[in-house]
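coordinates for the following, if possible.
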Amino acid sequence: MTTTPTPAMPTVMPAHPTRRGILAGLGAAAVGISFSGLAGCKKKPAQTLNFYNWDTYVGKNTLSGFEEASDIGVNMSLYSNNDELFAKLRGGNPGYDVIVPGNDFVQRMARAGMLMPLDHAQLPNMKNILPRFQDAPFDPGRKYAVPYTWLVLGIGYRKSKVDGVPDSWKWVLDSPRYKGRIAVLSDAADLCRLTEIYQGADMNRFDKGALAKVQDLLIRQKDNIATFHDDNGQDLLLSGDCDIVIEYNGDIAQVMREDKDLAFVVPKEGSILQSDQLCIPAGAPNPKAAHAFINYLLSAQAGADIARTIRYPTPNGAALALMEPDYRNNPVIFPPEAALARCQYATYLGEDAYRAFQDTITRVRAA
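Just a heads-up that it's a prediction; the model follows:
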C-alpha cells in the first residue's frame, strides 16, 4: 500500500503485501493504527468515513481516489483476522462504517445482528459484479454484503525442491517427505477444514468424530512441520525457509513475479473457496458515506487498481476487463474451472464449532 502515512504509521512495510503481513510482524500493538489517503494534504474533507480492513488490502490509489472524487475522508484502521474483527464489534460498533469480513463471518455477524442491510439503490456499480458472484449461498440476495475479492487455498511450492507437482494435501498434512520444510496455516478453522477435506469428511458439518481424526493426523504430522504461519507462506517460500506451504493463490501469485521457481496448485481432493466482503456494520455513524465508498470500490477503475496492487482474483467484471493479460490469464490467480469445481465455501457452523476448531489446533500445537 502506498498511501501517505499518518505519524503513527510504521515506516517499514513488508516486501510482499498480504492481508496479515504488517500485523503479524508488529503484534497486537499495531491493531487500530490508522491510514488516510489525504494525510499531509492541505485540503480538509467535508466528512470522514471509518474503514476497518485487513492490512495492505487496498489499491495504490483507493483511499486518495475516493477522497478526491467525493470530498469524504477515509480513516483506515487494521485488524489481523476475522476473529479479531468479530470481537471488536461484538459489544457494539465503536465507530466503523465499512468492514471486510470473510464469507463465513458474514453469516456469523448477520445472525448476531451485527450488520446493516445494504440499500442496493445506492450501489449502482453492483452491475459490475460478475454473474457468478451476484448472489451468494452465505448471503442470499446480497442483503448484507458485496464481494471485494475471492480466493482459494492451495499449495505453494518451490519446483526445484519437490518431486513433481504436489497435487494432494498429503504432502503437507500426512507425509514425512518434506520434513522440516513444510508450513501450514495457523488459522484453526481453515486448517481443520482442509484436513477434513483430505480425510474425506464434510467440512461444512460439525462432527466431533471427524475433528478427533483431524487432531490425530496433525499430531502425527507435527514433527514434519516447520511452522504454523500467519498467512505469510509466500515469504517463507521466497526466502527459502520452506519449500512447500499452505497459502492463498493471490499471495503465491505475488511472489511468483519475483521467483520463477515458485508455483501453486489446488490439490485434487478439493479446497476452500473464500470471498472477502464489503459490509456496513450495525450502528455505522455514516451509512450514506459507507454506501458511496462501497459503490466506488465496485467501479471499474477502483477495482482494477485494487487488483493490480494485491493480485487477488477480482469478482468485478468491469475491472477485470481493464486488467492486463498477465493477470487475466494467470492460472494461479484464476485456477482452472475443473479445480474450482472441487472447492466450496465454508459455512458458519455455530459458536460451538468455532470453539472446537480452536481447541483442536491448540491441542495439536501443544502436543
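
contacts only, for Arg193.
203, 272, 346 (CB atoms under 8 Å, 6 or more residues apart in numbering). Every C-beta, even on glycine, is put in place using the N, C-alpha and C of the backbone.

now name the helix or strand holding the closest residue to the last one other than its chain neighbours.
Counting by CB to CB, 6 or more residues apart in numbering, Ala346 lies nearest to Asp104, which is 4.7 Å off, once chain neighbours are set aside. Assigning secondary structure by DSSP states H and E places Asp104 in helix 103-111.

export only the CA atoms of that helix, formatted as CSV.
Presented in CSV, the C-alpha positions along helix 103-111 are these (Å, rounded to 0.1, in the frame of the first residue of the first chain):
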residue,chain,number,x,y,z
ASN,A,103,-17.8,-15.1,3.8
ASP,A,104,-18.5,-17.3,6.8
PHE,A,105,-18.1,-14.4,9.1
VAL,A,106,-20.8,-12.5,7.1
GLN,A,107,-23.2,-15.3,8.2
ARG,A,108,-21.9,-15.2,11.8
MET,A,109,-22.2,-11.5,12.1
ALA,A,110,-25.6,-11.3,10.4
ARG,A,111,-27.0,-13.9,12.7
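
output the contacting helices and strands for the following helix or strand past it.
Remark: after helix 103-111, the chain's next helix or strand is strand 146-158, criterion DSSP H and E. Contacts defined by 3 or more CB pairs under 8 Å, 6 or more residues apart in numbering; DSSP states H and E place strand 146-158 against helix 233-239, strand 244-248, helix 249-256, strand 262-265, strand 271-278, helix 300-310.

after strand 146-158, next one along is what?
Following strand 146-158 in sequence, per DSSP H and E, is helix 170-173.

so, low pLDDT: which residues of the stretch 1-150 of the chain?
Scanning the stretch 1-150 of the chain with the threshold set as pLDDT under 70 gives 1-43.

repeat the analysis, applying 50 as the threshold.
Along the stretch 1-150 of the chain, segments meeting pLDDT under 50 span 1-17, 19-34, 38-41.

so Ala210 touches Gly200, yeah?
No. Ala210 is beyond contact range of Gly200, at 9.3 Å (criterion: CB atoms under 8 Å).

in terms of neighbours, single out the busier of those two.
Ala210 (18 against 9; other CB atoms under 10 Å).

picking that back up, what's the closest of the contacts of Arg193 to Leu123?
Closest to Leu123 out of those is Ala346 (25.4 Å), distances taken as CB to CB.

tally of neighbours for the closest one?
So Ala346, with other CB under 10 Å, has 20 neighbours.

residue contacts, it?
Counted by CB under 8 Å, 6+ apart, Ala346 has contacts 103-104, 189-190, 193, 203-204, 272, 274.

leaving out the residues flanking it, which one is nearest to Gly154?
Closest to Gly154 by CB to CB, 6+ apart is Val266, at 4.4 Å.

for that neighbour, give me the pLDDT.
Confidence at Val266, expressed as pLDDT, is 98.

which residues touch it?
Applying CB under 8 Å, 6+ apart, the residues near Val266 are 152, 154-155, 249, 335, 339-340, 342-343.

can you tell me which two in the residues you listed are farthest apart?
Longest span within the contacts of Val266, CB to CB: Ile155 and Leu340, 15.3 Å.
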